[in-house]
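Engineer: My questions are about this predicted structure, shown below with the sequence.
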Amino acid sequence: MPSAARAEPGWLRPALALVGCVTLARLIALGFDRTDLFVDETQYWLWGRNLDFGYYSKPPLIGWLIRAVTELAGSASPFWVRMPGAVLHGATALILGALAARVAGRSAAIWTAALYVTLPFVALGSVMISTDTVMAPFFAAALLFFWRAGEGRLARDAAFAGACAGAAFMAKYAAVYVLIGAALAAALVPERRIGWRNTAILLIAFVAVISPNLIWNVAHQFLTVRHTVDDNVGLGQNGAGGLHWGELAAFLGAQFGVFGPVAMVALLIGLFRRDGRARALGLLALPPLVAVCAEALLNRAYANWAISAFFAGTVLAVIVLPRWGRWTALALNLVVAVAIPALTVLAPWPEMNGKPLLNRWLGRAELSQRILALAIADGVPVYSEDRDILADLFYTGRDSGVTIYAPRPEGRPANYYEQTYPLPEGYTGPLLAIRRTPVHCGGVPMPPAAILNGSGTWSGKNVTPYLIGGDCLAAAPD
């Protein structure tokens, strides 16, 4: 049986000081952030208002977390919705530092914490809350305990690895990559084998933690799984058809921005290293890269879909990079790490092509406030078919008393709002319909109830309110 290894000491204090300073600076900047919550962020907040073991498009942990933080703070302001992001990424940096200390010693641990906490995707995830951010510390902890289980073969390390992987899975299903990577590392690197008993313990702990979401999916006809396969991956009933080499090239190119160009080159070099440490870390990082490249080739893939590769990937990059390479990577990271919060504070400046650079994150609350004021004045509910509008209406109108409806779904709901807040069957009363196309009732065009003149993301998009009866909606064109 292998003897348990110990992490080289002396790294935690400097790493904690560095990560703490960066995190504190991000929280201060967040207090001056002038952007609105994005559509996904407001949706996650709404999930927290309706606690459950699963939701339309994601597992439940992000909703639970936002609910806990906003309840403790006594406020649902954008600061408190987003605040966990910086803290969770700071915690992830320290957990990866602990892994690096075991893998390569004190210097590697400090550099891992420093590079991770300044990575471009971490800088963005620290100002806008996402499921990737909530998954991050649990994914990193699963890697750490898996590595420890290979060193000492202790059942408790295997149990913690499985439980942490399960918690990561409850944040985002991409956490399954930690199990795939661990299986590859154990199969191909003897030092990373944890034994059959510990493998069983790990899997039992994993299944125990995710079982509430599994049961929820069964009870809801695997709604989240179907959404992931059909809408996100795009390989559902009809398949994607053909190979999309341009999408693959775009996805791979985007990874140099997400992870940083120097770190990405180091990660790719590390995948071909033959020593046991680098090989194991490479195998832990490889599954999401391969899987998402395949998704991009077959259909499409967003830049953040392979972020789970960069937890083990950060440690691997630090091992590969020489000292000057680490400093270069850190310097480039810092440019982005400073620029992103600065832009949120300076918004709507600067502009590009006549529009604010952060245009997508502006004007959302303003439009909702105008819509809600009209609904309150007329004493009617609001109806919209637009997910972006619905998302912010629920958030901005959380204390307004205005009822908000989405379309009644035909077959599988198209989003969480159709699933949870559909217009009641047979509703014929008045309502304020928010449309981007004209409304006709009985063949007669309806006049707008007001001119909204949206700004920011809604500038020039013809978002128009119509005061109509519910029976008119069937005649309104899609």
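Structural biologist: The structure has been received and is ready for your questions.
Engineer: Tell me which stretches of the protein form strands.
Structural biologist: With DSSP state E, the ranges of strands along the chain come out as 351-352, 355-356, 382-384, 404-405, 430-435, 440-441, 444-445, 464-469.
Engineer: okay, the ones you listed in a markdown table with mean pLDDT next?
Structural biologist: Formatted as a markdown table, the strands of the chain follow (pLDDT from 0 to 100):
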| stretch | mean pLDDT |
| --- | --- |
| strand 351-352 | 91 |
| strand 355-356 | 93 |
| strand 382-384 | 97 |
| strand 404-405 | 98 |
| strand 430-435 | 96 |
| strand 440-441 | 89 |
| strand 444-445 | 90 |
| strand 464-469 | 96 |
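Engineer: Which one of those lies nearest to Leu154?
Structural biologist: Each of those was scored for nearness to Leu154 using CB to CB, and the closest is strand 404-405 (51.8 Å). For every residue, glycine as well, the C-beta is placed using N, CA and C.
Engineer: now for the closest one, which elements pack on it?
Structural biologist: Helices and strands touching strand 404-405, as assessed by 3 or more CB pairs under 8 Å, 6 or more residues apart in numbering; DSSP states H and E, comprise strand 382-384, helix 387-396.
Engineer: cutoff 10 Å now
Structural biologist: Using 3 or more CB pairs under 10 Å, 6 or more residues apart in numbering; DSSP states H and E as the contact definition, the elements that strand 404-405 packs against are helix 364-378, strand 382-384, helix 387-396, helix 416-420, strand 430-435.
Engineer: and of those, who's closest to Val225?
Structural biologist: When the helices and strands packed on strand 404-405 are ranked by proximity to Val225, the top entry is helix 416-420, at 14.5 Å, counting by CB to CB.
Engineer: Show me the contact partners of that closest one.
Structural biologist: Counting by CB atoms under 10 Å, 6 or more residues apart in numbering, helix 416-420 makes contact with 43, 46-47, 50, 52, 55-58, 220, 223, 227, 384-387, 389-391, 393-394, 404-410, 412-413, all of which sit outside it.
Engineer: 8 Å - rerun?
Structural biologist: Counting by CB atoms under 8 Å, 6 or more residues apart in numbering, helix 416-420 makes contact with 43, 46-47, 50, 55-57, 223, 387, 390-391, 394, 406-409, 413, all of which sit outside it.
Engineer: picking that back up, need the winner for burial among the strands of the chain.
Structural biologist: For the strands of the chain, ranked by mean neighbour count under the definition mean count of other CB atoms under 10 Å, the leader is strand 382-384 at a mean of 24.
Engineer: partners of it in the sheet?
Structural biologist: Taking DSSP bridges as the criterion, strand 382-384 pairs within the sheet with strand 404-405 (parallel), strand 430-435 (parallel).
Engineer: And for it, what's in contact with it?
Structural biologist: When contacts are defined by CB under 8 Å, 6+ apart, strand 382-384 is touched by residues 371-372, 375, 390, 393, 397, 402-407, 423, 431-435, 470, 473.
Engineer: Might you report the residue contacts of Phe138?
Structural biologist: By CB under 8 Å, 6+ apart, the residues touching Phe138 are 164-165, 167-168, 171, 175.
Engineer: ugh, wrong one, I meant Val134
Structural biologist: By CB under 8 Å, 6+ apart, the neighbours of Val134 are 61-62, 65, 84, 88, 171-172.
Engineer: Among these, which lie within helices?
Structural biologist: Secondary-structure check on the contacts of Val134 using DSSP state H: residues within helices are 61-62, 65, 84, 88.
Engineer: what's the burial count for the closest residue to Lys355 other than its chain neighbours?
Structural biologist: Leaving aside its chain neighbours, Lys355 sits nearest to Ser459 (7.4 Å; criterion: CB to CB, 6 or more residues apart in numbering). The tally of other residues near Ser459 (other CB atoms under 10 Å) stands at 16.
Engineer: And Leu358, how far from Gly162?
Structural biologist: Applying CB to CB, to the nearest Å, one obtains 40 Å for the distance of Leu358 from Gly162.
Engineer: out of the two, which sits in the busier spot?
Structural biologist: Of the pair Leu358 and Gly162, Gly162 is the one with more neighbours under other CB under 10 Å, namely 30 against 22.
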